[in-house]
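> Turn this into a structure:
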Amino acid sequence: MPYKLSATLSAHSSDVRAVASPTETIVLSASRDSTAISWGRPSPTSPFTPSSILRAGSKFVNAVTYISPSSEAPQGYAVTGGQDTVVNIFALGPAQKEDPEYSLVGHTDNICALDVSQSGTIISGSWDKTAKVWKQFQLRYDLKGHEQAVWAVIAIDDERFLTASADRTIKYWVQHKMMRTYEGHKDAVRGLTLIPDVGFASCSNDGEIKVWTMEGDVVYTLSGHTSFVYSLSVLPNGEIVSGGEDRSVRVWRDGECVQTIIHPAISVWAVSTMPNGDIVSGCSDGIVRVFSESQDRWTTTEELKTFEDQVASQTLPSQQVGDVKKSDLPGSDALLHPGKKPGEVKMIKNGDIVEAHQWDSATSSWQKIGEVVDAVGSGRKQLYNGKEYDYVFDVDVQEGAPPLKLPFNVSENPYAAAQRFLEQNNLPLNHTDEVVKFIEKSTSGVNLGVNNEYVDPYTGASRYQASATSAAPAPSSGYMDPFTGANRYSGAPAPAHPTTSVQPSAPKIIPYANFVSFKQVNVPAMQNKLYQFNEALRNEISTSSLAMDREELVTIEEAFSYLSQVTSKTSPNSLAQLGSAHVDAIVQILERWPASQRFPVMDLSRLVVAYCADAYAPPGRREQFFACLFKASDWTEVQSRVEAMSKAQQANILLLFRTIANCFQEGTPVAEGQWVAQVFEVLGQTPYPLLTQTQRVALATILFNFSCAYLKTPVAIEVLNQHLGLVIQLLRSNKDDPEVTYRTLVALGNVVYAGKMRGSSLDSAQSAELRKVMSALPTFPDDRIRNVIGEISALL
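Okay, the predicted model is just below:
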């Protein structure tokens with residue numbers, strides 16, 4: 001059954017920034033109205049009512065979590081944190097409380113994240129760039145290492161922790177020691193949740209959700225949200241729940257979005273899940289909502305209809321759903337055709353109104369999610385770095401220096417624009433409020449956002465509400481610069497002739513000869529997993545013959561010992577270099593182990609190739625080795641599939657691509673033997689639509705690393721043509737990942753450059769096809785891509 005509204009909890013007077021639902025009868029919520037509320041009900045079928053209102057001061061409360069009952073607190077504790085920089089612990093009970101039982105002092109800035117281990121150890125995250133661990137209500141560990149605010153924390157147990165930050169990284173800690181850093185998100189990481197038997201998931205302002213192993217590999221990436229993703233939780237059945245700035249809660253199963261729940265609010269700040277599988281959300285409209293897939297717990301038909309009408313009555317700025325050309329839109333008949341995927345948005349013309357409808361696969365129907373309006377009203381857009389904006393302001397930061405450009409759209413959160421401007425220009429974030437005031441004053445008279453209810457996804461500051469009666473500003477110099485205090489401001493709303501500035505020429509990209517390798521590893525974890533699988537095979541009668549024999553165990557142990565030393569940056573001279581015997585052992589294990597248990601062996605191959613190139617150097621060994629890897633990854637079965645790969649296949653294909661990428665490095669004999677032609681021939685059958693983002697990046701890295709080798713070593717024309725064909729296929733198939741396109745274009749540029757330097761340029765037909773392919777590429781907001789296309793075009 002689909003999730004539908006079960007309960008609406010209304011008592012807060014401002015945004016609900018955090019929720020927790022530890023049991024089926026308790027919900028905790030934290031709000032910018034300076035309170036946290038404990039909601040209770042006597043049974044899972046009764047309505048929720050506020051049982052405790054907790055207020056420790058007058059500042060925003062941004063985080064909340066729960067400590068299980070004890071003799072001191074029979075109903076448990078609520079733990080809160082916010083702008084007052086204090087972690088407050090309240091014993092729950094039927095009362096309004098202003099005095100917490102414990103107050104934990106140590107942070108120096110806003111507390112935005114809290115979590116508690118099963119035994120009651122608290123971890124808090126703050127804008128002061130630290131996380132702190134509290135045991136028995138005393139500071140135990142101070143976790144320092146992030147470069148920006150810590151937005152999310154998890155207590156795995158009393159001694160192991162995860163933290164996520166605006167510096168785009170996630171860190172793993174054992175006690176106070178940082179053991180690992182996970183990199184992959186392109187923007188601030190906002191939420192974390194543990195995934196049983198896998199690792200954890202993270203969400204980010206880059207709009208993506210990533211599922212990681214604890215060793216640091218990305219299992220898969222979930223894409224579907226159209227804006228910042230703020231919060232994650234996991235259902236008892238393992239499905240992931242997310243909430244974000246696009247007004248939606250999304251439910252993910254096996255890597256796919258299976259339901260999208262649109263809310264009548266600007267932001268879904270927080271999500272939580274109950275032990276019974278219900279979902280709790282906290283939103284910018286100050287309301288906590290509970291959704292259930294159990295029909296017995298759905299609210300009344302009248303309340304369901306009211307909720308649907310509230311969602312449908314929302315107005316959406318055209319920027320949120322893309323360019324809208326009313327004359328090209330279909331009528332309501334288009335809603336007779338089912339959607340292609342959950343969450344798909346279709347715009348239709350209903351008279352003079354443009355309506356947005358979203359496909360709900362759970363109910364197999366289109367649901368109206370709002371009416372599309374032009375948020376700008378009148379005035380011409382301005383271009384900046386290839387993007388259209390309503391305003392591009394000039395901002396003086398230093399006397400005598402050229403002004404900096406501050407682009408802004410009226411549908412945008414002013415705080416988001418301010419922080420983006422400061423980060424891009426390496427300016428202190430403590431200027432955020434000044435920049436926001438500058439934006440507000442410079443755009444007075446324009447309604448910022450939908451219903452004037454924009455809130456700040458970065459800083460936690462109060463929302464901007466534009467004056468409804470002030471006049472629009474005149475294009476004069478009467479505005480104060482937020483840095484100098486002078487009236488240097490020269491931007492005006494929608495000027496007839498936008499100000500332009502001379503941009504410095506971009507540095508040359510091609511030729512680019514620095515190889516990219518995949519060497520990140522946790523050798524002990526890989527080793528333990530491989531031995532765990534081996535023992536499982538040995539202990540089962542039907543598979544005992546597949547387990548490693550004594551000689552193979554010794555050989556694999558030698559490989560791990562060597563890799564442990566080279567990856568820990570200590571001298572490996574005390575051990576012999578790995579040789580063909582180690583590669584033979586890997587090949588033999590891959591040939592007989594089940595597909596679901598091959599990935600640690602595939603991962604071992606990735607490292608052997610990266611650190612021990614001579615191990616597979618003998619004539620014919622490379623051909624044999626890569627033939628084995630393709631077979632072990634189920635390549636023949638995968639390239640003929642029309643549906644998504646299994647999880648085992650996804651992991652093995654990713655490791656296959658990374659292993660091949662690692663084999664192209666400084667000094668690789670790309671002109672010897674047939675192994676490169678063999679690899680490219682097989683890759684020519686790649687099922688591009690089935691590849692995940694990380695697989696595409698790895699494939700693009702193969703093409704790029706080969707091009708780096710080709711800059712120094714010429715190869716046969718047949719191999720170059722194979723490479724060119726793979727480049728064209730990947731450029732045509734990739735529609736949404738700028739990094740894939742960029743790496744592939746640089747690979748192309750290197751090959752074109754090297755050929756021209758050697759007097760063997762592409763023929764006219766090949767040049768014409770490449771120009772055609774590049775002209776058809778999607779428009780990415782990435783200067784690197786435009787620059788490299790320009791360089792390639794000049795070389796053709």
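> Pretty sure residue 231 sits against residue 279.
No. In this structure, residue 231 is not within contact of residue 279 by CB atoms under 8 Å, at 11.1 Å. Where C-beta positions appear, they are placed from N, C-alpha and C, glycine not excepted.
> any shared contact partners between those two?
Residues touching both residue 231 and residue 279 (CB atoms under 8 Å, 6 or more residues apart in numbering) are residue 271.
> Not counting sequence-adjacent ones, nearest residue to residue 185?
Nearest non-adjacent residue to residue 185, counting by CB to CB, 6 or more residues apart in numbering: residue 204, 4.1 Å away.
> any idea how far residue 414 is from the one you found?
In this view, residue 204 and residue 414 are 21 Å apart by CB to CB, to the nearest Å.
> ditto for residue 339
Taking CB to CB as the measure, residue 339 falls 34 Å from residue 414.
> Between those two, which has more neighbouring residues?
The neighbour comparison of residue 339 against residue 414 (other CB atoms under 10 Å) goes to residue 414, with 25 against 18.
> gap between that one and residue 33?
Distance from residue 414 to residue 33, by CB to CB: 21 Å.
> same check, this time on residue 86
Distance from residue 86 to residue 33, by CB to CB: 18 Å.
> same deal with residue 583?
Per CB to CB, residue 583 is found 64 Å from residue 33.
> Tell me which stretches of the stretch 251-400 of the chain form strands.
For the stretch 251-400 of the chain, the strands defined by DSSP state E, counting those that start in this stretch occupy 256-262, 268-273, 279-283, 287-292, 315-317, 345-350, 353-360, 365-373, 382-384, 387-389, 391-395.
> quick one, which of those is nearest to residue 614?
Residue 614 lies closest, by CB to CB, to one member of the strands of the stretch 251-400 of the chain: strand 256-262, at 43.4 Å.
> can you pull the buried residues of the closest one?
Neighbour counts over strand 256-262 (16 or more other CB atoms under 10 Å) mark 257, 258, 259, 260, 261, 262 as buried.
> what do you get for stretch 606-619?
606, 607, 608, 609, 610, 611, 612, 613, 615, 616.
> do the same with stretch 100-110
Neighbour counts over stretch 100-110 (16+ other CB under 10 Å) mark 100, 102, 104, 106, 107, 110 as buried.
> and if you look at stretch 47-58?
Residues 48, 50, 51, 52, 54, 55, 56 are the ones in stretch 47-58 that count as buried (16+ other CB under 10 Å).
> Counting neighbours, go ahead and name the busier of residue 583 and residue 33.
Higher neighbour count among residue 583 and residue 33: residue 583, with 25 against 18, using other CB under 10 Å.
> is it true that the more buried one touches residue 616?
Yes. With contact defined as CB under 8 Å, residue 583 counts as touching residue 616 (4.8 Å).
> Give me the common contacts of these two.
Residues touching both residue 583 and residue 616 (CB under 8 Å, 6+ apart): 608, 625.
> And what about the residue lying closest to residue 639 once chain neighbours are set aside, helix, strand or coil?
Leaving out its chain neighbours, the residue that sits closest to residue 639 by CB to CB, 6+ apart is residue 685, at 4.5 Å. Assigned with DSSP: H, G, I helix; E, B strand; the rest coil, residue 685 falls in the coil class.
> Repeat that for residue 131.
strand.
> what about it, distance to residue 658?
Here the distance between residue 131 and residue 658 works out to 31 Å (CB to CB).
> do the same with residue 728
Residue 728 is 23 Å from residue 658, where distance means CB to CB.
> the more surrounded of those two?
More crowded of residue 728 and residue 658, by other CB under 10 Å: residue 658, with 29 against 18.
> so who does the more buried one touch?
518, 606, 698, 701.
> Next: residue 70.
For residue 70, the residues meeting the contact criterion (CB under 8 Å, 6+ apart) are 76, 120.
> in which helix or strand would I find it?
When elements are assigned from DSSP states H and E, residue 70 belongs to no helix and no strand.
> what about residue 539, how many neighbours?
Residues lying near residue 539 (other CB under 10 Å) number 10.
> So what does it have for phi and psi?
phi -80, psi -10 (degrees, to the nearest 10).
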